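> output the structure for:
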Amino acid sequence: MRITRNRFIDITETTMVRMKSRAESFRLFAATALLLLCLPLAEAGVAPRARSSIHHSAVPKAVALTSKTRVASGGATAGSSTADASIVRSPDDLPPPVGARAPKLVIVHLVTEEAEARLAPGVTYTYWTFNGKVPGPMIRARVGDRVQLTLANAPDSLMVHSIDLHAVIGPGGGAALLQVAPGESKTITFKVTRPGLFVYHCATPMVAEHIASGMFGMILVEPPGGLPKVDHEFYVMQSEFYTSGGFGEGGHQQFDAAKLIAEQPTYMVFNGAVNALKSDHPLEANVGDTVRIFFGDGGPNLTSSFHIIGEIMDKAWAWGSLSNPPERDIQTISVPPGGALIAQFKVHVPGRYILVDHALGRMTQGLAGYLEVRGTPAPALYHAGPALRR
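Residues are numbered from 1 along each chain as shown. As a prediction, the model looks like this:
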């Protein structure tokens, strides 16, 4: 089915019902009108090919299931309520290192899905996702690879969705060719030429609403020869949610466009929900392990001051760039919306370390995670009481 102007207008009118004022509706309509100017590019997308082997993320077997069922199949038991359903991606859910291999064709298949799930205890929200989780799947490649990416939009979606990958050199980062209507799919192929950690996100107007509903992830482009081996790699992204009710207000919460435009989030979280990296999926390591965190700020609005309470980053690749040498011995580092960081450190002392944005008031909005370290105490580095005699 071709993406037509009438189709965009129908979807825009449906979305306007969700907006809280005529002014907000006008802003959405204006943004959609800008997108209509890009339709000739969007309609020129490459037709999907038959899939061969799929890397990084499995294609859901039944994309025609209801959104509620899809989330249950990914994060909760079948038949459970949406209050129990989870869209949280575990921080250890990421592809293995590429290693020292030659460039090749990497095939990626993403499905955009809309689903109601738990944002906080007793609070649900209608998420828009890549492959049913927040963040979307990490894509992993090496410099020189060609990536064939197919984006499918679930048949029961209400919205057009797309993807802009910051690692792509070309109009819209791919979004100019990948505006995908419900029930359709499109394919592009691109070459990755710069090493680093890059954010991707939906780029369909209102772009900030799509991001604030969970549509973001990252693509890691490793240098030739790959990255040095470490004991643990983790995938963590920070983002904001703008809801009609206040923090912790129970029941299903609607998106609030006025709060988004005012940059006043209700929730700030890691990996899509309150407690995602605390009671749900804490990071885990042992004393003596080297830990590498791939961290991104999905935004859509606020800069993160990433910090691990009780640790110092031995190496930090600022801005996600692997072309530059890492900064060393870093306490806190800024990551802008749409930006990334690779942090690496060795853990020496057992205990609980807290991942935060050092704008610490944001902890009250849900922004905290745990790194649980097990092992033998190291009193030469840290202990209770007065100094030990040598």
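> could you list the buried residues of stretch 293-311?
By neighbour count on 16 or more other Cβ atoms under 10 Å, the buried set for stretch 293-311 is 293-302, 304, 306-308, 311. From N, CA and C alone the C-beta is placed, and that goes for glycine too.
> now do stretch 262-278
265-278.
> the lengthiest strand in the chain pairs with which strands?
What stands out as the longest strand in the chain, according to DSSP state E, is strand 105-120. Here strand 105-120 is paired, per DSSP bridges, with strand 123-130 (antiparallel), strand 146-153 (parallel).
> element containing E284?
When elements are assigned from DSSP states H and E, E284 belongs to strand 283-286.
> quote the end-to-end distance of stretch 300-314.
With Cα to Cα, to the nearest Å as the measure, stretch 300-314 spans 29 Å from end to end.
> contacting residues around that stretch?
207-208, 211-212, 238-240, 260, 263, 265, 268, 295, 297, 327-337, 341, 343-347, 349, 351, 353-359, 371 (Cβ atoms under 8 Å, 6 or more residues apart in numbering).
> any chance of the buried residues of stretch 262-278 in TSV with pLDDT as columns?
Listed next are the buried residues of stretch 262-278 as TSV, based on pLDDT from 0 to 100:
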residue	pLDDT
P265	98
T266	98
Y267	98
M268	98
V269	98
F270	98
N271	98
G272	98
A273	98
V274	98
N275	98
A276	98
L277	98
K278	98
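> for the stretch 251-390 of the chain, just list every one of the strands.
For the stretch 251-390 of the chain, the strands defined by DSSP state E, counting those that start in this stretch occupy 251-253, 267-270, 283-286, 290-299, 304-309, 313-317, 327-330, 332-335, 339-346, 351-357, 369-374.
> re the thing from before, pull out the buried residues from the contacts of stretch 300-314.
207-208, 211-212, 238-240, 260, 265, 268, 295, 297, 330, 333, 335, 337, 341, 343-345, 347, 349, 353-358, 371.
> what's the most buried one of the strands paired with strand 105-120?
For the strands paired with strand 105-120, the largest average neighbour count (mean count of other Cβ atoms under 10 Å) is found in strand 123-130, namely a mean of 24.
> could I get that one in CSV with only the CA atoms?
C-alpha atoms of strand 123-130 as CSV (Å, rounded to 0.1, in the frame of the first residue of the first chain):
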residue,chain,number,x,y,z
VAL,A,123,0.9,3.0,36.3
THR,A,124,0.6,2.0,32.6
TYR,A,125,1.4,3.9,29.4
THR,A,126,0.9,3.3,25.7
TYR,A,127,4.5,2.7,24.4
TRP,A,128,5.6,2.9,20.8
THR,A,129,8.6,0.6,20.4
PHE,A,130,11.1,-1.1,18.1
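> check which helices and strands the next helix or strand after it sits against.
Scanning forward in sequence from strand 123-130 by DSSP H and E, the next helix or strand is strand 139-142. Strand 139-142 sits against strand 105-120, strand 146-153, strand 216-222, with contacts defined as 3 or more Cβ pairs under 8 Å, 6 or more residues apart in numbering; DSSP states H and E.
> ok, which of the ones you listed comes nearest G99?
In terms of Cβ to Cβ, the element of these nearest to G99 is strand 216-222, at 8.7 Å.
> ok, that closest one: who's next to it in the sheet?
The strands that strand 216-222 pairs with in its sheet are strand 139-142 (parallel), strand 196-201 (antiparallel) (by DSSP bridges).
> winner for burial among the helices and strands packed on strand 139-142?
When the helices and strands packed on strand 139-142 are compared using mean count of other Cβ under 10 Å, strand 216-222 is most buried, at a mean of 26.
> any low-confidence regions in the protein?
1-81 (pLDDT under 70).
> domain map for it?
48-222, 232-374 (automatic domain parsing).
> got the CA positions of stretch 364-382 in CSV?
The C-alpha trace of stretch 364-382 is given here as CSV (Å, rounded to 0.1, in the frame of the first residue of the first chain):
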residue,chain,number,x,y,z
THR,A,364,12.7,11.4,42.4
GLN,A,365,11.3,10.9,38.9
GLY,A,366,12.5,7.3,38.7
LEU,A,367,16.0,7.8,37.3
ALA,A,368,18.3,5.3,39.0
GLY,A,369,19.7,1.9,38.4
TYR,A,370,21.9,-0.6,40.3
LEU,A,371,25.2,-2.4,39.6
GLU,A,372,25.4,-5.3,42.1
VAL,A,373,29.0,-6.4,42.6
ARG,A,374,29.7,-9.7,44.4
GLY,A,375,33.0,-10.9,45.8
THR,A,376,35.6,-10.6,48.6
PRO,A,377,36.0,-7.3,50.5
ALA,A,378,39.0,-5.1,49.7
PRO,A,379,39.8,-3.5,53.1
ALA,A,380,43.0,-1.9,51.6
LEU,A,381,40.6,0.2,49.4
TYR,A,382,37.5,0.6,51.6
